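Asker: Below are the sequence and a predicted model; questions follow.
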Amino acid sequence: MNNVLHDDTDASIILAAEESPPEKFLEFHSFSEQDNITIGKLIAHGPVLIRGGRGSGKSALLIEARRRMLDISNVFPVYMSLRYLPLLQSDGNEYIGHFCILLSNAIQSELSSQNLNYDFGTASDQTSVQIGLNKLSNEVGKRVVLLFDDPAHIGREKPLEVFFDLFRTLSSGLTSCKAAIYPGVTRFGVRFDVYNDSTVIDITRSDVSANRNYFVDVVKARYPKLALPETFSDRLSPLQFANLLGRAVVGNMRGFILACHRFEGKNKIGIPDINQCLLNMNTDYYWPLMDEVAPKLGIYEPLLEPARELIEAVVDHSCRPVRDKQKTIAQDRVLIHRNIVGQYAKIL
């Protein structure tokens, strides 16, 4: 699903920002006012963690921050994806060694792309990297910003304490570290105080947020025809269409684009079409997504099946009055007693 499709006719379903060709990044990404505030904090000095679920747009924000920093004369940005096989299975000093070599290569590559005549060299330990970063900053006369993408990548078999030790110690007056994390399941270790050692920014996309036009704005930028009132039946508006799909994928922007793509080419869209879209996504998106996310949950992975059973029970309870012909419309909200929430907090 995340493969890059180089044919222009299929370019609209490039779903992962980190897999988008650099020359097409701006063509397929636009940023809201709130996104621009987040990007500004990524550019500013100091350690920052952006926290959001899979497909919420964390990578796009990091990549865009790096792109904008290229136009700032006193900043040297380095974007580094941590989706490397050596980092999946290693821990401790072995992880540090792999990490430092990969970071050295990323820095040297960025130096070459900016035509800066400086040899960073290859550092294989944390102290050498720290010394190298200080020398780099002084030599090029720029503040260094390190953007780490996806440290909790799928398949990571070890906890992340060692990464956050590096994140904390590499941050200095000359170097700012930024990273993307997942809510609730990222383990920081005992030496990293997430709120004292960094600024945490939550990335949420919701149709009931302050900017309830967010999803329809995305549709206008990516699928202009789906933003026209004449595309829809009398019972549906572009805003309702966009917000309904946005809520259905729980703000997951990758899922939202995938859902919108199913309607491309349709001359008229009504409620039955949306219903069919959601049924199809139940087969090839929702449940496969659960299996894909499972490895990211770490110690909480065994709770995946109880969580699935819980939501199925909630939906069954909500739809029962319609099945029993007591109501014509199913309820869209469920009130759960706080004692139950307390007992099953992790599952919820």
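Answerer: All right, it came through fine. Residues are numbered from 1 along each chain as shown.
Asker: Low-confidence ranges, this structure, go.
Answerer: Low-confidence segments of the chain (pLDDT under 70): 1-23, 26-28, 85, 152-159, 184-187, 189-190, 207-211, 292, 296-298.
Asker: which stretches of it form strands?
Answerer: With DSSP state E as the criterion, the chain has strands at 48-51, 75-81, 143-149, 175-181, 199-202.
Asker: Give the other helices and strands that the first one contacts.
Answerer: I take that to be strand 48-51. Packing contacts for strand 48-51, counted by 3 or more C-beta pairs under 8 Å, 6 or more residues apart in numbering; DSSP states H and E, involve helix 33-43, helix 58-69, strand 175-181, strand 199-202. (Glycine included, C-beta is placed from N, CA and C.)
Asker: Residue 306 touches residue 348, doesn't it?
Answerer: No: applying C-beta atoms under 8 Å, one finds residue 306 not in contact with residue 348, separated by 10.1 Å.
Asker: neighbour count winner among these two?
Answerer: The neighbour comparison of residue 306 against residue 348 (other C-beta atoms under 10 Å) goes to residue 348, with 14 against 11.
Asker: hang on, the more buried one packs against residue 314?
Answerer: No: the pair residue 348 and residue 314 does not pass the contact test of C-beta under 8 Å, sitting 9.9 Å apart.
Asker: chain center to stretch 74-81, what's the gap?
Answerer: Put simply, stretch 74-81 sits 19 Å off its chain's centre (C-alpha atoms, centre = their mean, to the nearest Å).
Asker: And the contacts of that stretch?
Answerer: Surrounding stretch 74-81, the residues in contact under the criterion C-beta atoms under 8 Å, 6 or more residues apart in numbering are 18, 43, 62-63, 65-66, 69-70, 102-103, 106-107, 110, 114, 116, 136-137, 140-150.
Asker: Residue 249: what's its closest spatial neighbour, skipping adjacent residues?
Answerer: The spatial neighbour of residue 249 that comes closest, neighbours along the chain excluded (C-beta to C-beta, 6 or more residues apart in numbering), is residue 255 at 3.5 Å.
Asker: Enumerate the positions of the longest helix along the chain that are buried.
Answerer: Taking DSSP state H as the criterion, the chain has its longest helix at helix 92-113. For helix 92-113, the neighbour count (16 or more other C-beta atoms under 10 Å) marks 95-104, 106-108, 110-111 as buried.
Asker: Please tell me how far residue 260 sits from residue 55.
Answerer: Separation of residue 260 from residue 55 (C-beta to C-beta, to the nearest Å): 13 Å.
Asker: how about the helices of the stretch 151-300 of the chain, start to end?
Answerer: 161-170, 214-222, 238-248, 253-261, 271-281, 287-293 (DSSP state H, counting those that start in this stretch).
Asker: tell me what the third one is packed against?
Answerer: Read it as helix 238-248. The contact analysis (3+ C-beta pairs under 8 Å, 6+ apart) places helix 238-248 against helix 214-222, helix 253-261, helix 271-281.
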